[in-house]
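Engineer: Compute the structure for the input listed below.
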Amino acid sequence: MDFRLSDEQQQLHDTLTRFVQKDYSFDKRKAILKSKEGISREAWKQLADMGLTALGLPEAHGGLPGTPVDTLVVMEVLGRGLVVEPYVATVVLGAELVAKAGSEAQQAAILPAVAAGEKLLALAHEEAGGRYELEHVATTAKKQGDHYLLNGAKTVVLHGAQADTLVVSARTSGKERDAKGISLFLVERNAAGVTVHDHPTHDGQRAAEIAFKNARGELLGKEGQGLALLEHAQARGIAALCAEAVGNMAALVEITLGYIKTRKQFGVPIGSFQALQHRMADMVMYVEQARSMAYFAAAKADAPDAAERRRVLSAAKAYIGQAGRFVGQQAVQLHGGIGVTDEANVSHYFKRLTLINATFGDADHHLGRFSDALLEPAAAPARKSAAA
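Structural biologist: Have a look, this model is predicted:
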């Protein structure tokens, strides 16, 4: 696969890299994590000034042309810098859903503000016991006049407490695990009937538990259209996280290589030991293979064939989850005891890789989904025959 970037993508990469190196140090990141919101509005404004919050949004609403491969360029650099601002939650998931399903009025009310860095979004979909299954939705929405009343609860909503507007999945018909009957709604985070509990995740970022009690929601798209929209949005989210994981792993390789070149034992750098050189070589191979899978995922994130999209994205997510675990473990072990301390950036990269693996389905989940996808063509004639 050709990994060469276009001139525009290279400029984007270089500009964002300079920002991370100059304005987003490890110490500054730790200070951001300890702040009340857990994100930096100043850093978010800087990303907006670079045009990143407008990337991929309709030009009619202040957006810039962009594809999942452009998002890959952004996410890999953000992964190297361990940037904690809600890029995936706001731009990749929330704004994508509004752009794809929203009415002209909804897009005009939300997307220009997102593009300008003035509004944050979050997708509230996961529920307790869902086990990564998109169709698991127990939250309900009942129509009342020109709006809907939502009742239910969502768990681990990425940057839910920081968002201004939530995109919420809820049932307008059907039972808890039915594929049909899922719709999407826009709900203001501070609306009456919305209760938000913010908490840090294992990697120090923020997620929220959100309850809805007769909370007013505005239908996004058409009733019953939600599952297809969620599946496509999640595909883009998985592709973005795969790219972020590659950035995390590449940084770990560089940090670990620098450490073993300077850390001495028996009077010589430990990097001179052949066993450790072999381990470093294995880490590099995992990163390069993961990069190939991330590019493949980005290339197929918008594939019109949903079955092909699921198959490729699951293969990428499963492999990169395994690769992240291996690279992270090796980096920690080669650093010794210091590798698990909060003072060492190595531990923060490993924590982030662990959370990326658990987001939108872990490696085991996607291995199972990939296996099921391989059987789909063979199973289709059997289902057709049975139906006949």
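Engineer: Show me what secondary structure element comes after the lengthiest helix in the chain.
Structural biologist: Secondary structure of the chain per DSSP state H: the longest helix is helix 226-262. Remark: after helix 226-262, the chain's next helix or strand is strand 264-265, criterion DSSP states H and E.
Engineer: Partner strands of that next one and their direction?
Structural biologist: Next to strand 264-265 in the sheet, as set by DSSP bridges, lie strand 268-269 (antiparallel).
Engineer: what's the burial count for residue 142?
Structural biologist: 13 (other C-beta atoms under 10 Å). For glycine as for every other residue, the C-beta is placed from the backbone atoms N, C-alpha and C.
Engineer: On the three-state scheme, it is what?
Structural biologist: Of the three states, residue 142 takes strand under DSSP: H, G, I helix; E, B strand; the rest coil.
Engineer: quick one: contacts for it?
Structural biologist: By C-beta atoms under 8 Å, 6 or more residues apart in numbering, the contact set of residue 142 is 148-149, 151.
Engineer: Give me the helices and strands touching the longest helix of the chain, please.
Structural biologist: Under the contact criterion of 3 or more C-beta pairs under 8 Å, 6 or more residues apart in numbering; DSSP states H and E, helix 226-262 touches helix 68-80, helix 96-101, strand 182-188, strand 268-269, helix 274-300, helix 306-335, helix 345-358.
Engineer: could you redo the ones you listed as JSON lines and give each row mean neighbour count?
Structural biologist: Shown next, in JSON lines, are those (neighbours: other C-beta atoms under 10 Å):
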{"stretch": "helix 68-80", "mean neighbour count": "24"}
{"stretch": "helix 96-101", "mean neighbour count": "22"}
{"stretch": "strand 182-188", "mean neighbour count": "24"}
{"stretch": "strand 268-269", "mean neighbour count": "12"}
{"stretch": "helix 274-300", "mean neighbour count": "18"}
{"stretch": "helix 306-335", "mean neighbour count": "22"}
{"stretch": "helix 345-358", "mean neighbour count": "21"}
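Engineer: Please identify which of those is closest to residue 144.
Structural biologist: Among the helices and strands packed on helix 226-262, strand 182-188 comes nearest to residue 144, with 12.6 Å by C-beta to C-beta.
Engineer: Show me what the closest one is in contact with.
Structural biologist: 97-98, 101-102, 106, 110, 124, 135, 137, 141, 148, 150, 164-172, 174, 194, 212, 215-227, 229-230.
Engineer: Can you flag which of those residues belong to helices?
Structural biologist: Reading helices off these with DSSP H, I get 97-98, 101, 106, 110, 226-227, 229-230.
Engineer: Quick check: pLDDT value at the nearest residue to residue 299 once chain neighbours are set aside.
Structural biologist: Distances taken as C-beta to C-beta, 6 or more residues apart in numbering place residue 69 nearest to residue 299, at 6.7 Å, with adjacent residues excluded. At residue 69, the model reports a pLDDT of 96.
Engineer: and residue 69, what does it touch?
Structural biologist: Contacts of residue 69 by C-beta under 8 Å, 6+ apart are 9, 295, 298-299.
Engineer: again, only using 10 Å
Structural biologist: 5-6, 9, 239, 243, 294-295, 298-299, 301-302 (C-beta atoms under 10 Å, 6 or more residues apart in numbering).
Engineer: Closest one of the residues you listed to residue 333?
Structural biologist: Among the contacts of residue 69, and counting by C-beta to C-beta, the member closest to residue 333 is residue 294, at 24.5 Å.
Engineer: burial of the closest residue in space to the closest one that isn't next to it in sequence, as a residue count?
Structural biologist: Nearest non-adjacent residue to residue 294, counting by C-beta to C-beta, 6+ apart: residue 242, 4.2 Å away. As a burial measure, residue 242 scores 31 neighbours (other C-beta under 10 Å).
Engineer: Give me the pLDDT value at residue 242.
Structural biologist: On the pLDDT scale, residue 242 gets 98.
Engineer: Dump the contacts of residue 142 into TSV; add distance to residue 206 and pLDDT as well.
Structural biologist: Below are the contacts of residue 142 laid out as TSV (distance: C-beta to C-beta, whole Å; pLDDT from 0 to 100):
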residue	distance to residue 206	pLDDT
148	27	98
149	27	98
151	25	98
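Engineer: Could you tell me the angle between the longest helix of the chain and helix 68-80?
Structural biologist: Using axes from the mean of the first three to the mean of the last three C-alpha atoms, to 10 degrees, the inter-axis angle of helix 226-262 relative to helix 68-80 is 40 degrees.
Engineer: Run the angle between helix 226-262 and helix 274-300 for me.
Structural biologist: Calculated by the same axes, to 10 degrees, helix 226-262 forms an angle of 150 degrees with helix 274-300.
Engineer: List the buried residues in helix 226-262.
Structural biologist: Residues of helix 226-262 classed as buried: 226-230, 232-253, 255-256, 259-260 (neighbour count, 16 or more other C-beta atoms under 10 Å).
Engineer: for the residue nearest to residue 294, what are its contacts?
Structural biologist: 72, 75-76, 79, 290-291, 293-298, 301, 313, 316-317, 319-321, 323-324, 356.
Engineer: From residue 323, how far out is it?
Structural biologist: 10 Å (C-beta to C-beta, to the nearest Å).
Engineer: quick revisit: would you mind checking which of the ones in helices among the contacts of strand 182-188 is nearest to residue 189?
Structural biologist: For the ones in helices among the contacts of strand 182-188, the nearest to residue 189 is residue 110 (13.0 Å; C-beta to C-beta).
Engineer: Thanks a lot, catch you later.
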